[in-house]
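# I would like to see how this sequence folds:
(one chain, ligands or ions: 1)
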Amino acid sequence: MHGDPQKLASLIASLIGLCARRLPEDVLTRLEEMRKAESVPEEGGSPLGRRIYDAMFTDLDMAAALNRPFCQDTGIIQFFVEAGTAFPLLGDLENALREGVIRATVDVPLRPNVVEIFDEKNTGDNTGTRIPWIDWELVPGKDSIRLFIYLAGGGCSLPGFAKVFTPLEGYEAAIQAVFDQIVHYGLNSCPPLLAGIGLGPSADTAAKLSKKALLRFIGARNSNLRAAELELQMEKALNKTGIGPGGFGGKGSVMAVHIEQAGRHTAVLAAALSTGCWAHRRLLAEIRPDLSCAVLSHRE
Ligand code: SF4
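Residues are numbered from 1 along each chain as shown. Below you'll find the predicted structure:
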């Protein structure tokens with residue numbers, strides 16, 4: 001690549017670095033709230049839970065001081081691009097995203113996590129077949145791009161599933177399946193978790209929506225009032241499981257539950273779950289035509 005595409009790749013690499021080294025503002029705020037909630041034993045808080053949060057914030061402080069990732073598992077890199085069709089480097093963007101991953105792997109550094117399926121060999125640079133994963137949405141006429149970067153860790157991806165139910169089984173079966181999955185596997189996923197639920201017409205659409213639900217900032221609710229109410233009820237119920245931070249017990253087990261939905265086929269209801277761990281590395285940036293950039297998710 002020459003000229004501006006090189007600059008774009010450098011920008012992508014630095015954004016990946018920021019994503020790996022710092023938590024987004026909304027996640028930090030929620031973790032602070034959950035730490036406080038564990039600090040009052042008279043109200044059901046867990047002193048051990050409080051210490052787990054203290055350890056998380058110490059980890060974050062040390063990562064900031066040393067300018068390095070705050071978790072050893074820097075994940076598989078996923079990009080969710082809302083690309084303006086008038087963005088001048090649109091044709092170079094896919095290569096720049098891939099190049100940015102390769103540079104970030106060396107510069108940040110990131111742990112090489114990508115293993116080629118069937119070859120069972122680590123590629124060494126965090127790229128591979130269809131990886132980094134890129135999800136495209138085109139925005140006609142716009143000259144900038146909105147870019148979500150998500151680092152999908154192994155542990156936090158573990159509870160993910162998608163399943164198709166008959167309408168007779170209803171929303172209840174879908175919600176039960178989500179609960180079962182979180183209760184069985186959530187412990188291994190470094191809670192408190194962010195639960196992303198997708199509901200739609202097929203396993204693939206529900207799965208995609210469940211991951212998109214993880215991109216929504218914590219504190220924002222589904223615009224459908226019934227969905228928003230279900231998010232709230234599920235949060236309350238999952239927090240009663242007592243999984244707690246790190247799985248050591250406590251008042252809070254989930255940072256939030258987010259639901260995204262699509263219209264379904266009359267004969268089926270598909271449900272999917274994606275989970276984020278406490279180290280929810282999700283960054284949103286707007287990149288303008290001159291490659292100036294605004295990070296919308298982080299304080300820095
Ligand atoms: S689940 Fe999250 S915090 Fe735990 S090891 Fe994986 S990426 Fe790190």
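# near the ligand, which residues of the protein? Just list them.
Proximity of the chain to the ligand (CB under 6 Å from any ligand atom) is limited to residues 71, 73, 153-156, 189-190, 277, 279. To be clear about C-beta, it is placed using only N, CA and C from the backbone, and glycine gets the same treatment.
# of the residues you listed - the most surrounded one?
C156 (28 neighbours; other CB atoms under 10 Å).
# per-residue confidence for that residue?
C156 carries a pLDDT value of 95.
# with E300 instead?
At E300, pLDDT is 64.
# residues in contact with A83?
Counting by CB atoms under 8 Å, 6 or more residues apart in numbering, A83 makes contact with 90, 93, 136-139, 145.
# nearest residue to it other than its sequence neighbours?
I145 (4.9 Å; CB to CB, 6 or more residues apart in numbering).
# neighbours of that neighbour, just the number please.
The burial count for I145: 22, using other CB under 10 Å.
# quick check, it in contact with V81.
Yes. Counting by CB atoms under 8 Å, I145 does reach V81; the two are 6.1 Å apart.
# shouldn't Q78 be within a strand?
Yes. With DSSP: H, G, I helix; E, B strand; the rest coil as the criterion, Q78 is located in a strand.
# hey, what's it bridged with?
With DSSP bridges as the criterion, Q78 is bridged to W133, Y150.
# can you tell me how far it sits from the ligand?
13 Å (CB to the nearest ligand atom, to the nearest Å).
# quick check, that residue in contact with D135.
Yes. Taking contacts as CB under 8 Å, Q78 lies within contact range of D135: 7.2 Å.
# rewinding a little: which of the residues of the chain next to the ligand lies closest to R50?
Among those, C190 lies closest to R50 (CB to CB), at 16.7 Å.
# how about the closest one: what's its closest non-neighbour residue?
Using CB to CB, 6+ apart, the closest residue to C190 is C277 (3.9 Å).
# coming back round to it: out of the contacts of A83, which are inside helices?
Among these, DSSP state H puts 90, 93 in helices.
# closest residue of the stretch 201-300 of the chain to the ligand?
C277 (3.2 Å; CB to the nearest ligand atom).
# which ones are touching that residue?
So C277 contacts 153, 155-156, 189-191, 193-194 (CB under 8 Å, 6+ apart).
# which one's the longest helix in the protein?
Per DSSP H, the chain has its longest helix at helix 47-66.
# buried residues in it, which are they?
Within helix 47-66, the residues that count as buried by 16 or more other CB atoms under 10 Å are 49-50, 52-53, 56, 60, 63.
# look up phi and psi at the nearest residue to G160 once chain neighbours are set aside.
In this structure, G160 finds its nearest non-sequential neighbour in S274, 5.1 Å apart by CB to CB, 6+ apart. When quoted as degrees, to the nearest 10, the phi and psi of S274 stand at phi -120, psi 150.
# is S274 in contact with L215, as I believe?
No. S274 lies out of contact with L215 (CB under 8 Å); the separation is 10.0 Å.
# which one's more surrounded, the two?
Taking S274 and L215 together and counting by other CB under 10 Å, S274 has the greater number of neighbours (27 against 20).
# show me the shaky parts of the chain.
Flagging of the chain using pLDDT under 70 yields the residue ranges 1-3, 300.
# which residues of it fall in helices?
4-21, 25-37, 47-66, 90-107, 154-157, 170-185, 203-215, 225-239.
# helices and strands around the shortest one, which ones?
Contact analysis of helix 154-157 by 3 or more CB pairs under 8 Å, 6 or more residues apart in numbering; DSSP states H and E lists strand 269-276 as its packing neighbours.
# how big is the angle separating the strand it packs on from helix 170-185?
Calculated by axes from the mean of the first three to the mean of the last three CA atoms, to 10 degrees, strand 269-276 forms an angle of 30 degrees with helix 170-185.
# now strand 269-276 against helix 203-215, angle please.
Using the same axes, to 10 degrees, strand 269-276 lies at 40 degrees relative to helix 203-215.
# need the contact list for A37.
For A37, the contacting residues are 43, 45, 251-252, by CB under 8 Å, 6+ apart.
# give me that answer again for 10 Å
Residues counted as contacts of A37 (CB atoms under 10 Å, 6 or more residues apart in numbering) are 43-46, 49-50, 53, 239, 250-252.
# P167 now?
173, 264-269.
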